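Enquirer: Sequence and predicted model, in that order:
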Amino acid sequence: MHMIEPKSRKKRIASPKKDKGTRSTYQHGNLPSALSDVVVRLVAQKGVKNFSVAEAARLTGVSTGAPYRHFTSRDDLLVAVAAQFYRMLLQQLSTARKNASAPAEQLAAMAAAYVNWAMDNPVAVEILFSSGIRTEDHAILRQLGVEAYEEFIAAARLAGVPEAAAHKLVFDVSAVAHGYVLLQANAIPDFAIDQAMAGQSAADAARHIVDGYKAASPHDLAARRSTR
């Protein structure tokens, strides 16, 4: 999965209303959440590469040093925001699995759920995939990544493909689903696609991929596994 440009950055950001209790309230635990909300708004307006912790602090109504009582760096703040979005995605994937019409339909439902979530949350996609943060460098993101992968693997095992092929199947379905997100986000001429169509197309593609794995010979499956 690669970078996606946010759909729009034209919306004006309004500074949070300040009152006499603002600073003392933040000091007692609400500042991380308030900063996260402001970061999301700044990324929507300016892009993930173009905001500063100092600006986020100013819009939150605290001193420029206050964020560093909770976050060691700009990246640390972004990791916290990324983790929030990752949890949102996990919830969407889990719900899609549970609501699938049949066990074999879970992968298709999750592919559509990912596309719809990504298109509904372009800021989340930009932070997760275009901020320069490496998942493997941060324990919380590694853990959430494992949980997302396990959701897909559980669905793949119910799709009727050999156990040994489940991991490659997840990779293929995920890659195709993210491809639909890229097509929609980048508005490529002659490939314009709206959200409803993208979600349905991702689900259909997942079904075709599953069918291909089911029809493949043991030799073909072994060759696919070797390309992982």
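Expert: Yep, that arrived.

Enquirer: Give me the most central residue, this structure.
Expert: residue 125 (5.1 Å; C-alpha atoms, centre = their mean).

Enquirer: Give me the distance between it and residue 211.
Expert: Separation of residue 125 from residue 211 (C-beta to C-beta, to the nearest Å) stands at 28 Å. Every C-beta, even on glycine, is put in place using the N, C-alpha and C of the backbone.

Enquirer: for residue 108, same thing?
Expert: Distance from residue 108 to residue 211, by C-beta to C-beta: 11 Å.

Enquirer: And the two? Which one has more around it.
Expert: More crowded of residue 108 and residue 211, by other C-beta atoms under 10 Å: residue 108, with 27 against 13.

Enquirer: secondary structure class for residue 101?
Expert: Here residue 101 is coil, with the state taken from DSSP: H, G, I helix; E, B strand; the rest coil.

Enquirer: so what's it closest to, chain neighbours aside?
Expert: Excluding its sequence neighbours, the residue lying closest to residue 101 (C-beta to C-beta, 6 or more residues apart in numbering) is residue 109, at 7.9 Å.

Enquirer: Which of the helices or strands spans the one you found?
Expert: According to DSSP states H and E, residue 109 maps onto helix 106-120.

Enquirer: hmm, back to that, so who does the residue nearest to residue 101 touch?
Expert: Contacts for residue 109 (C-beta atoms under 8 Å, 6 or more residues apart in numbering) come out as 96-97, 99-101, 203.

Enquirer: Just the element for the residue nearest to the centre of the chain, please.
Expert: Using DSSP H and E, residue 125 sits within helix 122-130.

Enquirer: how big is the angle separating that helix from helix 106-120?
Expert: Counting by axes from the mean of the first three to the mean of the last three C-alpha atoms, to 10 degrees, helix 122-130 lies at 110 degrees to helix 106-120.

Enquirer: Which segments of this structure make up each domain?
Expert: 22-69, 74-225 (automatic domain parsing).

Enquirer: Compare the mean pLDDT across the ones you listed and name the weakest.
Expert: When the domains of the chain are compared by mean pLDDT, domain 22-69 comes last with a mean of 86.

Enquirer: Number of residues surrounding the nearest residue to residue 158 once chain neighbours are set aside?
Expert: Nearest residue to residue 158 in three dimensions, chain neighbours excluded: residue 103, at 3.9 Å (C-beta to C-beta, 6+ apart). By other C-beta under 10 Å, 14 other residues sit near residue 103.

Enquirer: Right, I'll leave it there.
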